[in-house]
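# Please work out how this folds:
(one chain, ligands or ions: 2)
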Amino acid sequence: MKFPGKRKSKHYFPVSNRDPLLQQSPPESEQSASWVVGIDQTLVDIEARVDDDFVRRYGLSLGHSLVIEDDVAEALYQELVRENLITHQFAGGTIGNTMHNYSVLADDRSVLLGVMCNNIEIGGYAYRYLCNTSSRTDLNYLQGVDGAIGRCFTLINEHGERTFAISPGQMNQLHAESIPESTIAGASALVLSAYLVRCKEGEPMPEASMQAIDYAKRYDVPVVLTMGTKFVVADDPQRWQTFLRDHVSILAMNEEEAAALTGIEDPLLAADRALEWVDLVLCTAGPQGLYMAAYTEDEAKRQTRQPLLPGAIAEFNQYEFSRAIRRHECQQPLRIYSHIAPYMGGPEKIMNTNGAGDGALAALLHDITANRYHRAKVPNSSKHGYHWLTYSSLSQVCKYANRVSYQVLNQHSPRLSRGLPEREDSLEEAYWDR
Ligand SMILES: Nc1ncnc2c1ncn2[C@@H]1O[C@H](COP(=O)(O)OP(=O)(O)OP(=O)(O)O)[C@@H](O)[C@H]1O
Ligand SMILES: O=c1[nH]cnc2c1ncn2[C@@H]1O[C@H](CO)[C@@H](O)[C@H]1O
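Numbers count the residues shown, from 1 in each chain. Ligands and ions are numbered 1, 2, ... in the order given. Model (predicted):
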């Protein structure tokens, strides 16, 4: 486990330190002590540069993800090939990206559940998917299917905005029997997306996801849900609110999804509303940066040393230096909030906004898993006086998430090609001055 940012703080324990006291902890075993599990619809992203007219002609919706029928997919694909518009082909899928990015950041194990072709052809989509996934992502639990994985046509316009057209193949054929109970039981988090319910009648993916949620609840593993697209939410916001209240601990969304879910345009107020259902909210807001909202233990709250921010909730970041805790672990729950503007004001030129939100979630998962790792290694540390959810304060997690989003905006693929530079590992204040 690589920690999320080197800390000057006394609590960080350097892995290479030769201090004899620290040597008492047993050596790292091959098998990781902490990991995250995610379920995804296995998809390869086929990226092409198109104009907005192309998007309209195929009945798609700018900036969103829609499922298309096979004949439409074929016509669309043929036009892309004929006009020579395809620029890149990557492994994709919102949770696949998040697991990969987590593994790259933490240099540690994530487990991906989903389907994979039984017969893999060199150079084919399935082959590309496997080649473009981190070797730290455990693919041993994928379920074989006879047929193709899904294709996600990722259509980028001149402003770098992306629209998805999904040709599903066999991506929704994951069965409940393929969900490994013990892998979920030992995980730091189970990560799902709202896309998983977007299936045809009778497809097993929703049932497989519910099976995973049941296991997670049985072992008190936090369930993380990323919203994916506002259309899935807008179909039935009431149903999603109930789903969140009944099953989800951590919610990740962007401001459009937040508005569809809560009916509230202001991302801070929408995140605050969502705290009625979940323990922690990450709400990205494109060029506005991102917000987080969570609970802390009132007795252990910490005042920020940064300027108090105006907003729909006055001075909302007052306790952003506090760590997050799940509501049911609190004696006296207190709501805390934080916001951060885009790192360095955003890249000079955005290559592609695809996956910036997935990147932010991977950073949050890294912080949560590092906390669990630290608790397992140093259970009597003063850092674990309470049963915290995050290793870092809400403020620090915001910075880290934002930094990772920046990295994704700066490259083509939604999957990080490498971890953050070592020199930048410190997320101390000075680092944030341009
Ligand atoms: N135009 C921009 N300028 C500066 N930063 C940006 C811009 N767009 C996104 N970001 C950064 O990326 C983060 C995530 O962006 P965004 O809200 O677009 O995610 P998203 O819509 O969930 O993305 P995806 O669904 O593709 O993963 C933001 O919090 C911000 O830090
Ligand atoms: O329906 C879907 N299911 C799963 N993943 C999807 C779907 N639509 C788009 N993406 C994925 O979202 C990533 C960026 O956040 C893209 O890599 C794309 O593959």
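
# per-residue confidence for the residue of the stretch 51-200 of the chain found nearest ligand 2?
Nearest to ligand 2 in the stretch 51-200 of the chain, going by C-beta to the nearest ligand atom, is G92, at a distance of 2.8 Å. In this view, the C-beta of every residue, glycine as well, is placed from N, C-alpha and C. Looking at G92, its pLDDT stands at 95.

# D279 contacts A324, doesn't it?
Yes. Between D279 and A324 there is a contact at 7.3 Å, judged by C-beta atoms under 8 Å.

# More neighbours: which of these two?
Using other C-beta atoms under 10 Å, the more surrounded residue of D279 and A324 is A324, with 28 against 22.

# Name the nearest residue to that one, ignoring sequence neighbours.
Spatially, and ignoring its direct neighbours in sequence, A324 is nearest to A294 (3.7 Å; C-beta to C-beta, 6 or more residues apart in numbering).

# Need the residues touching each of D279 and A324.
Shared contacts of D279 and A324, defined by C-beta atoms under 8 Å, 6 or more residues apart in numbering, comprise A294, Y295, L389.

# Any residues of the stretch 101-250 of the chain in contact with ligand 2? List them.
Contact residues (C-beta under 6 Å from any ligand atom) of the stretch 101-250 of the chain with ligand 2: C152, F164, I166, S193, Y195, R198.

# re earlier: next, the residue of the stretch 51-200 of the chain closest to ligand 2: phi, psi?
Per-residue torsions, G92: phi -140, psi -140 (degrees, to the nearest 10).

# next one: F243
Dihedral pair for F243: phi -60, psi -40, per degrees, to the nearest 10.

# In contact with the closest residue to it other than its chain neighbours, which residues?
Sequence neighbours aside, L225 is the residue nearest to F243 in space, at 7.9 Å (criterion: C-beta to C-beta, 6+ apart). When the contact criterion is C-beta under 8 Å, 6+ apart, the partners of L225 are L192, S193, A194, F243, L244, H247, V248, I250, L251, A252.

# helix or strand for the residue nearest to A324, which one?
Remark: A294 resides in strand 290-297, with elements defined by DSSP states H and E.

# what do you get for V233?
Using DSSP H and E, V233 sits in helix 230-234.

# Quick one: residues contacting the residue in the stretch 1-150 of the chain that ligand 1 sits nearest to.
Residue of the stretch 1-150 of the chain nearest ligand 1, by C-beta to the nearest ligand atom: T94 (6.9 Å). Counting by C-beta under 8 Å, 6+ apart, T94 touches D40, S193, Y195, T226, G228, G355, D358.

# Which one of those is nearest to S417?
G355 (12.1 Å; C-beta to C-beta).

# Can you check the pLDDT for the closest one?
pLDDT, read off for G355, is 89.

# Looks like it contacts V408 (just checking).
Yes. The criterion here is C-beta under 8 Å, and G355 meets it with V408 at 5.1 Å.

# all helices for the stretch 301-434 of the chain, in order.
For the stretch 301-434 of the chain, applying DSSP state H, counting those that start in this stretch gives helices covering 356-377, 394-409.

# ok, back up a step: state the mean pLDDT of the helix holding V233.
Here helix 230-234 scores 90 as its mean pLDDT.

# how about that helix, does it reach ligand 1?
No. Using C-beta under 6 Å from any ligand atom, helix 230-234 stays clear of ligand 1, with a minimum separation of 9.7 Å.

# what sits up against that helix?
Contacts of helix 230-234 (C-beta under 8 Å, 6+ apart): 61, 64-66, 194-195, 197-198, 227, 240, 253, 256-257, 259-261.

# and the residue of the stretch 301-434 of the chain nearest ligand 1?
Going by C-beta to the nearest ligand atom, ligand 1 is nearest to G357 of the stretch 301-434 of the chain, at 2.1 Å.

# Just list the residues touching that residue, thanks.
Taking C-beta under 8 Å, 6+ apart, we find G357 in contact with T226, A252, N254, T284, S405.

# Now the common contact residues for G355 and V408.
Taking C-beta under 8 Å, 6+ apart as the contact rule, G355 and V408 both touch P414.

# Any stretches of the stretch 1-150 of the chain with poor pLDDT?
5-31 (pLDDT under 70).

# Please, where are all the strands along it?
36-39, 43-49, 65-67, 86-91, 110-113, 115-117, 137-138, 143-145, 150-156 (DSSP state E, counting those that start in this stretch).
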